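> coordinates only, no sequence provided:
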């Protein structure tokens with residue numbers, strides 16, 4: 001199994017998107033924030049044939065948008081639940097052959113993105 005690691009480098013765009021939430025995140029030690037993130041491949045490590053290690057991939061957050069209100073937070077939670085349901089439905093009666101994560105985000109939970117913004 002491939003190990004997953006997160007790159008700790010915070011890109012300027014990611015930092016800019018998180019900045020409006022930084023004070024609230026600092027104050028709420030047990031806080032949680034829903035967000036849409038985009039991950040990118042940053043690095044891979046492939047052990048040699050004689051090493052008793054799993055291969056690993058390092059991913060970096062390259063884009064993030066944090067829910068700024070309760071409405072968006074709830075919609076993202078619904079999208080997450082729907083994506084989880086589809087991911088775990090393999091081999092069950094609930095399995096859906098036409099599932100795509102981007103379709104759920106675009107059509108499945110009522111998110112409206114204003115193109116003029």
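Here it is on my side, so go on. Everything numeric in this text was worked out from a predicted model, so none of it was measured.
> quick one: residues contacting residue 62.
Residues near residue 62 by CB atoms under 8 Å, 6 or more residues apart in numbering: 11, 13, 14, 38, 39, 40. In short, each C-beta sits where N, CA and C put it, glycine included.
> and those, which are buried?
With neighbours counted by 16 or more other CB atoms under 10 Å, those contain buried members at residue 14.
> any chance of the contacts of residue 62 in JSON lines, plus secondary structure?
As requested, the contacts of residue 62 are exported to JSON lines (DSSP: H, G, I helix; E, B strand; the rest coil):
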{"residue": "11", "secondary structure": "coil"}
{"residue": "13", "secondary structure": "helix"}
{"residue": "14", "secondary structure": "helix"}
{"residue": "38", "secondary structure": "strand"}
{"residue": "39", "secondary structure": "strand"}
{"residue": "40", "secondary structure": "strand"}
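> biggest separation within the contacts of residue 62, which pair?
The largest separation in those, counting by CB to CB, is between 13 and 39 at 13.7 Å.
> so what's residue 5 closest to, chain neighbours aside?
If the residues on either side of it in the chain are set aside, residue 5 comes closest to residue 58, at 4.5 Å by CB to CB, 6 or more residues apart in numbering.
> now the helix or strand where the one you found lies: buried residues?
Element membership of residue 58 [criterion: DSSP states H and E] is strand 56-66. Residues 58, 60, 61, 64, 66 are the ones in strand 56-66 that count as buried (16+ other CB under 10 Å).
> neighbours of the closest residue to the last one other than its chain neighbours, how many?
Counting by CB to CB, 6+ apart, the nearest residue to residue 66 once its immediate chain neighbours are dropped is residue 35, at 4.5 Å. Applying other CB atoms under 10 Å, we find 16 other residues in the vicinity of residue 35.
> which residues touch the closest residue to residue 13 other than its chain neighbours?
Take residue 13 and drop its neighbours on the chain: the residue closest to it by CB to CB, 6+ apart is residue 63, 6.6 Å away. By CB under 8 Å, 6+ apart, residue 63 lies in contact with 13, 14, 17, 37, 38.
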